[in-house]
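Participant: Prediction below, plus the sequence it came from.
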Amino acid sequence: MQPSLAPYPALRLRRLRRTPAIRALVAETTLQPSDFIWPVFVRDGEGMVEPIASMPGVNRLSVDRVVEAAREAYALGIPSICLFPYTDPSLKTEDCAEAWNPDNLSNRATRAIKAAVPEMAVMTDVALDPYNINGHDGFVEDGVIVNDRTVEALVKQTLSQAEAGADIIGPSDMMDGRIGALRNALEAEGHQDVLLLSYAAKYASGFYGPFRDAVGASGALKGDKKTYQQDPGNSDEAMRLIARDLSEGADMVMVKPGMPYLDICHRAKAMFGAPTFAYQVSGEYAMIAGAGERGWVDGEKVMLESLMAFKRAGCDGVLTYFAPAAARLLNG
Ligand SMILES: NCC(=O)CCC(=O)O
């Protein structure tokens, strides 16, 4: 766009900022509760609300409490909730079989939410890390994360989540060929309406630290994830990954983390025009919530500003731990 500008004083751009009404008229971007997917941490037990120290205001919830939280979130106008299980260490194995157990925590929570709040879109996570004894998203053989055997396991995990009633499956593993394999399996098994929101551009980031505490994976992870997650300096690679996943049958794509990667969000939306989401991850949340708690920044203001930035960059929506707090503010 080439802005055509009259010379000053014919042009006084401050005229457009003079009152709240005029500012509202010319606002380019809006933020609303329907822009959010709310990630929640699920644990076993009943009546459990367990705070996560590195994520002030975020708790691990037992299934009954997740159902209550989902009901409240939906009433606030948040259309979707995303489940992350805190897996009991005794259930983590080398074969990751708990990942496709029809009665695992994630599947139980999905069934319970779909029974209580059927209109809400339940999103689930596909990757082996919550169930893997070594904390990796794929199987490890001789120190190498193997691709194709992992994809076979991801298919089993996906089908068990679809059977439980998940509306949106989020493959976060970054293996090659998994979107095509999952799409084919969903079609073949009568789950043609299940959506795939691919974690297409997922970076090997330091911003995931608090999440790994939240799901109990910090101690488990051996080494790093650099052979499957992206180098933070790469942008063309992100476009290739997104193009590939869309061509294999992804309905929506995600960029993760969010705030440090707004250029990737913008480029992805401009290049593909597909429904594009960003994940404002745990470290981003912790920085804003932690600084807000200490009074170093105005926490609410920075929260909304950060979420608006995703929309301005071109995202259709944001996965954010702030979803209920932000929705409450936006609803007034
Ligand atoms: N697969 C989901 C994540 O890795 C979330 C990361 C975060 O919130 O830090």
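Facilitator: Happy to help now that I have it.

Participant: hey, let's count contacts and neighbours off CA atoms from now on
Facilitator: Noted.

Participant: Quick check: residues of the stretch 201-332 of the chain near the ligand?
Facilitator: For the stretch 201-332 of the chain, the contact set with the ligand under Cα under 6 Å from any ligand atom comprises F207, Y208, F211, V281, S282, G283.

Participant: would TSV of those residues with neighbour count and pLDDT be doable?
Facilitator: Formatted as TSV, the entries for those read as follows, by neighbours: other Cα atoms under 10 Å; pLDDT from 0 to 100:
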residue	neighbour count	pLDDT
F207	20	97
Y208	17	95
F211	20	92
V281	23	98
S282	23	98
G283	19	98
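
Participant: Tell me which helix or strand L307 sits in.
Facilitator: Assigned by DSSP states H and E, L307 belongs to helix 299-313.

Participant: hey, C-alpha coordinates of that helix in CSV?
Facilitator: Output of helix 299-313 as CSV, limited to C-alpha atoms (Å, rounded to 0.1, in the frame of the first residue of the first chain):
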residue,chain,number,x,y,z
GLY,A,299,-0.4,-6.9,33.6
GLU,A,300,-3.9,-6.5,32.1
LYS,A,301,-2.9,-3.9,29.6
VAL,A,302,0.1,-5.9,28.4
MET,A,303,-2.0,-9.0,28.2
LEU,A,304,-4.5,-7.5,25.9
GLU,A,305,-1.9,-5.6,23.9
SER,A,306,0.0,-8.9,23.3
LEU,A,307,-3.1,-10.7,22.2
MET,A,308,-4.1,-7.8,19.8
ALA,A,309,-0.7,-8.0,18.3
PHE,A,310,-1.4,-11.6,17.1
LYS,A,311,-4.6,-10.4,15.3
ARG,A,312,-2.7,-7.4,13.8
ALA,A,313,-0.1,-9.8,12.5
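
Participant: just checking, what packs against it?
Facilitator: Contacting helix 299-313 under the criterion 3 or more Cα pairs under 8 Å, 6 or more residues apart in numbering; DSSP states H and E are the following elements: helix 262-272, helix 282-294, strand 317-320, helix 323-331.

Participant: any idea of the mean pLDDT for the first one?
Facilitator: Averaged over helix 262-272, pLDDT sits at 98.

Participant: list the buried ones in it?
Facilitator: By neighbour count, and taking 16 or more other Cα atoms under 10 Å as the criterion, the buried residues in helix 262-272 are L262, I264, C265, H266, R267, A268, K269.

Participant: From the ligand, how far out is the residue nearest to the second one when sequence neighbours are not counted?
Facilitator: By that I understand I264. Setting aside the residues directly before and after it, I264 is nearest to S235 in space (Cα to Cα, 6 or more residues apart in numbering), at 6.5 Å. Between S235 and the ligand the computed distance is 20 Å (Cα to the nearest ligand atom, to the nearest Å).

Participant: quick revisit: how far away from the center of its chain is the helix holding L307?
Facilitator: Relative to the mean C-alpha coordinate of its chain, helix 299-313 is positioned 16 Å out (Cα atoms, centre = their mean, to the nearest Å).

Participant: That one to helix 282-294, inter-axis angle?
Facilitator: When axes from the mean of the first three to the mean of the last three Cα atoms, to 10 degrees is applied, the directions of helix 299-313 and helix 282-294 differ by 150 degrees.

Participant: Give me every residue in contact with helix 299-313, excluding its own residues.
Facilitator: Contact partners of helix 299-313, identified using Cα atoms under 8 Å, 6 or more residues apart in numbering, comprise 29-31, 258-259, 262-263, 265-266, 278, 288-289, 291-293, 317-318, 322, 326.

Participant: Can you flag the buried ones in the residues you listed?
Facilitator: Buried members of these, scored by 16+ other Cα under 10 Å, are 31, 258-259, 262, 265-266, 278, 288-289, 292, 317-318, 322, 326.

Participant: Poorly predicted segments of this protein, please.
Facilitator: Counting by pLDDT under 70, the chain contains no low-confidence segment.
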